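Trainee: Sequence plus predicted model, see below.
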Amino acid sequence: MQPQDATEDVVIAGAGLAGLGVALGLHRKGVRSVVLESSPALRTSGFAFMTWTNAFRALDALGVGDKMRNQHVQVQGVRVMSSITGEVVREIDIRVQGKRGPHEARCVQRNVLLQALEEELPRGTIRYSSKIVSIDQDTGSEAKILHLADGSTIRAKVVIGCDGINSVVANWLGLAKPCDSGRRATRGHAKYPDGHGFQPKFMQFTGKGFRAGLVPCGDTDVYWFLTWSPSCPYADGKDDVEQSAAAMKQFVLTKLRSINAPPQVLDAVERSQMNDVLVAPLRYRPPLSLLSASISKGNVCVAGDALHPTTPDLAQGACAALEDAVVLARCLGDAIIGEGKESVEAALLKYAGIRRWRSAQLIAASYMVGFVQQSEHAVVRFVRDKLLAGVLAKGLLMMPDYDCGTL
């Protein structure tokens with residue numbers, strides 16, 4: 001075996017929301033960690049995401065909630081737009097009282113939140129261009145040997161996989177591989193230096209085989225997305241849409257024009273910077289597989305998309321990752337600073353027990369909502385538009401009505 005370059009107590013794979021959240025939570029509890037990020041800098045693809053009440057409770061626990069509130073406008077409601085006229089057919093106030101207090105939602109820019117989390121960490125916590133390619137068991141101890149792409153190795157006493165949907169750590173744990181939902185997504189970010197004029201409300205559009213949404217992040221930024229079922233999907237996640245920003249914009253505009261979307265929505269797409277990934281396949285981990293899966297094994301566990309990749313239909317993927325971060329930092333931090341009262345293995349099992357059902361529930365609910373909202377079947381569309389709009393709206397508010405607790 002090659003000599004190890006370093007020995008670390010806690011190694012976190014991935015500097016996304018879950019990874020930086022866990023690192024910050026542990027730091028708040030006085031536990032040092034190292035975050036290995038495969039990219040040369042913070043990854044900001046995705047532009048923005050809806051951050052609901054449950055996520056803000058997690059951000060408050062981590063100490064950065066007010067920073068996000070100060071930089072992003074509160075979304076007041078959801079406007080469901082007609083697929084025939086393009087006009088508002090239903091409006092839902094999302095500031096209503098939940099079981100644990102009033103609901104709160106903001107469209108948070110991903111790079112702003114990642115930078116806020118990074119700024120709160122000690123210098124040197126994140127090691128960029130450090131990609132884990134394989135994991136071995138150390139001889140004679142419970143530690144793991146992490147092999148990096150540059151040929152170096154790290155001996156880690158605790159390994160936390162926050163390395164996304166193609167997680168090396170999840171694969172090592174034996175979690176079921178994510179499934180392709182058969183749907184695709186593209187996203188965009190429009191900037192208006194002089195102000196956009198949109199009301200602070202989420203606009204939702206549903207057409208034949210597609211779903212779209214637009215929501216302001218602040219006074220000068222607007223985020224939008226489109227999900228659809230391609231007519232000719234391929235195994236590599238591409239489809240019959242040409243892979244260029246210009247072609248994708250025209251594809252989105254054609255879809256929106258087919259349902260008479262308002263001119264200001266079309267203008268937002270026209271002026272947008274497109275996502276780095278023009279077309280992304282929507283994948284999810286089979287929810288039933290998580291009920292018996294090894295979310296943790298000894299001194300190794302997973303969080304975020306490495307645990308619960310899900311379709312975006314409830315806007316809960318990032319929110320759940322922040323929940324994971326707080327719960328995991330609390331369980332692991334208490335074990336490490338608790339002078340041996342609880343082992344690391346027991347702490348990670350406790351974390352897994354807390355997050356198992358929640359993760360499976362979010363994946364299943366999101367998949368079903370996406371199926372109903374994007375279905376082309378005439379009966380499903382009729383029931384959805386005439387009978388289920390209120391039920392789907394309540395479901396949108398049910399999942400955020402959750403408290404992950406404090407550190």
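Mentor: In hand now; what should we look at? Numbers count the residues shown, from 1 in each chain.

Trainee: which is the next helix or strand following the helix or strand encompassing R155?
Mentor: Using DSSP states H and E, R155 maps to strand 153-161. Beyond strand 153-161 on the C-terminal side, the first helix or strand identified by DSSP H and E is helix 168-173.

Trainee: What are the phi and psi values at R355?
Mentor: Here is the backbone geometry of R355 (degrees, to the nearest 10): phi -90, psi -10.

Trainee: That one and G304 touch, don't they?
Mentor: No: assessed by CB atoms under 8 Å, R355 is found out of contact with G304, at 10.5 Å. The way it works is simple: take the backbone N, C-alpha and C, and place the C-beta from them, glycine included.

Trainee: More neighbours: those two, which one.
Mentor: G304 (30 against 25; other CB atoms under 10 Å).

Trainee: separation between the closest residue to the more buried one other than its chain neighbours and M203?
Mentor: Taking CB to CB, 6 or more residues apart in numbering, and ignoring the residues beside it in sequence, G304 has A18 as its nearest neighbour in space, at 2.7 Å. A18 is 29 Å from M203, where distance means CB to CB, to the nearest Å.

Trainee: Of those two, which one has the most company?
Mentor: A18 (30 against 24).

Trainee: OK, contacts around the more buried one?
Mentor: By CB atoms under 8 Å, 6 or more residues apart in numbering, the contact list for A18 reads 162, 303-306, 321-322, 324-325.

Trainee: Can you check these and name whichever has the most neighbours?
Mentor: Each of the contacts of A18 was scored for neighbours by other CB under 10 Å, and A303 scores highest at 34 neighbours.

Trainee: residues in contact with that one?
Mentor: By CB under 8 Å, 6+ apart, the contact set of A303 is 18-19, 22, 160-162, 321, 324-325, 328, 355.

Trainee: try 7 Å this time
Mentor: 18, 22, 160, 162, 321, 324-325, 328 (CB atoms under 7 Å, 6 or more residues apart in numbering).

Trainee: With distance to S134 as added columns, please give those in JSON lines.
Mentor: Below are those laid out as JSON lines (distance: CB to CB, whole Å):
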{"residue": "A18", "distance to S134": "21"}
{"residue": "V22", "distance to S134": "22"}
{"residue": "I160", "distance to S134": "17"}
{"residue": "C162", "distance to S134": "17"}
{"residue": "A321", "distance to S134": "24"}
{"residue": "D324", "distance to S134": "24"}
{"residue": "A325", "distance to S134": "25"}
{"residue": "L328", "distance to S134": "23"}
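
Trainee: hang on, the earlier thing: for R355 and G304, list the residues in contact with both.
Mentor: Residues touching both R355 and G304 comprise D324, with contact defined as CB under 7 Å, 6+ apart.

Trainee: Show me the helices in the stretch 151-300 of the chain, by range?
Mentor: For the stretch 151-300 of the chain, the helices defined by DSSP state H, counting those that start in this stretch occupy 168-173, 245-257, 263-270, 287-290.

Trainee: still on that earlier bit, can you say which two of the contacts of A303 are spatially most distant?
Mentor: I160 and A321 (12.3 Å; CB to CB).

Trainee: quick revisit: for the residue nearest to G304, give its distance to A58.
Mentor: Relative to A58, A18 is positioned 11 Å away (CB to CB).

Trainee: Return every residue with contacts to both of the two.
Mentor: A325.

Trainee: So which of the contacts of A18 belong to helices?
Mentor: In helices, defined here by DSSP state H, the members of those are 321-322, 324-325.

Trainee: Would you confirm that C107 contacts H72?
Mentor: Yes: the criterion here is CB atoms under 7 Å, and C107 meets it with H72 at 6.4 Å.

Trainee: Look at those two and report which has more neighbours.
Mentor: Between C107 and H72, counted using other CB under 10 Å, C107 has the larger neighbour count: 25 against 22.

Trainee: Okay, and the beta partners of that one?
Mentor: With DSSP bridges as the criterion, C107 is bridged to M50.

Trainee: Show the residue spans covered by the strands in the stretch 201-350 of the chain.
Mentor: Under the criterion DSSP state E, counting those that start in this stretch, the stretch 201-350 of the chain contains strands at 201-207, 210-216, 221-228, 273-274, 280-284, 296-297, 300-302.

Trainee: so which helix or strand takes in V22?
Mentor: V22 belongs to helix 17-28 when assigned by DSSP H and E.

Trainee: Can you pull the phi and psi angles for K177?
Mentor: phi -70, psi 140.

Trainee: no no, S82
Mentor: According to degrees, to the nearest 10, S82 has phi -70, psi 140.

Trainee: Which residue, other than its chain neighbours, is closest to it?
Mentor: With CB to CB, 6+ apart as the criterion, S82 has its nearest non-adjacent residue at 4.6 Å, and that residue is V89.

Trainee: you'd agree that neighbour is up against V78?
Mentor: No: V89 is not in contact with V78 according to CB under 7 Å; the separation is 11.6 Å.

Trainee: what about Q199, neighbour count?
Mentor: Q199 has 12 neighbours, counted by other CB under 10 Å.

Trainee: Show me the residue sitting in the middle of this structure in space.
Mentor: In the chain, the C-alpha nearest the mean C-alpha coordinate belongs to A318, at 2.7 Å (CA atoms, centre = their mean).

Trainee: That residue and G124, how far apart?
Mentor: Distance of A318 to G124, computed by CB to CB: 26 Å.

Trainee: do V73 as well
Mentor: 35 Å.

Trainee: Between the two, point out the one with more neighbours.
Mentor: Set V73 next to G124 and count neighbours by other CB under 10 Å: V73 wins out with 17 against 7.

Trainee: Spatially nearest residue to the more buried one (excluding sequence neighbours)?
Mentor: P200 (4.8 Å).

Trainee: Might you report the residue contacts of that neighbour?
Mentor: The contact partners of P200, taken as CB under 7 Å, 6+ apart, are 73-76, 216.

Trainee: Alright, that wraps it up for me.
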